[in-house]
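J.: pasting the structure only:
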């Protein structure tokens, strides 16, 4: 990467929900942006934590024992193995960081295809 990346510009290139786009990589991790709205599926990640940073909108991360509410500028890391479901009551933009190849549903058979913007 030789120039600064503008995340808002990257987000403006697509409209799909729950379909992360890789904007860069570092140390074996994908840095992604995603637009979300509605409820995602309950899932967990057996081998990795799950990182969420809200850029715009608001996100509830439901876990079986509690819900964490995030506003713009707030982040939360879900420990590996913890079942969770992100819920956005309005269009919400997120920054995600995870090891390259990690399926967003925790299962490669049901995961969104990884795309680069």
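T.: Sure, I can see it. Just so we're clear, the structure is a prediction, and the values are computed from it rather than from any experiment.

J.: C-terminal to the host helix or strand of residue 22, what's the next element?
T.: Using DSSP states H and E, residue 22 sits within strand 21-26. Note on strand 21-26: by DSSP H and E, the next helix or strand toward the C-terminus is strand 29-39.

J.: hang on, the earlier thing: neighbouring contacts of the strand holding residue 22?
T.: 1, 5, 7, 10, 13-14, 30-34, 100, 114-117 (C-beta atoms under 8 Å, 6 or more residues apart in numbering). Backbone N, C-alpha and C define where each C-beta goes, glycine included.

J.: Kindly give a single PyMOL line that selects the buried subset of these.
T.: Buried members of the contacts of strand 21-26, defined by 16 or more other C-beta atoms under 10 Å, are picked up in PyMOL with:
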select buried, resi 10+30+31+32+33+34+114
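
J.: quick one: secondary structure of the closest residue to residue 23 other than its chain neighbours?
T.: If you skip the residues right next to it in sequence, residue 23 has residue 10 as its closest partner in space, 5.1 Å away by C-beta to C-beta, 6 or more residues apart in numbering. Here residue 10 is recorded as helix under DSSP: H, G, I helix; E, B strand; the rest coil.

J.: list the contacts for residue 10?
T.: Going by C-beta under 8 Å, 6+ apart, residue 10 touches 21, 23, 33, 117.

J.: Poorly predicted segments of this structure, please.
T.: Scanning the chain for pLDDT under 70 picks out 1, 105-112, 114.

J.: residues in contact with the residue nearest the centre of it?
T.: The centre of the chain sits closest to residue 96, judged by C-alpha atoms, centre = their mean, with a distance of 4.2 Å. Residues near residue 96 by C-beta under 8 Å, 6+ apart: 20, 30-34, 50-53.
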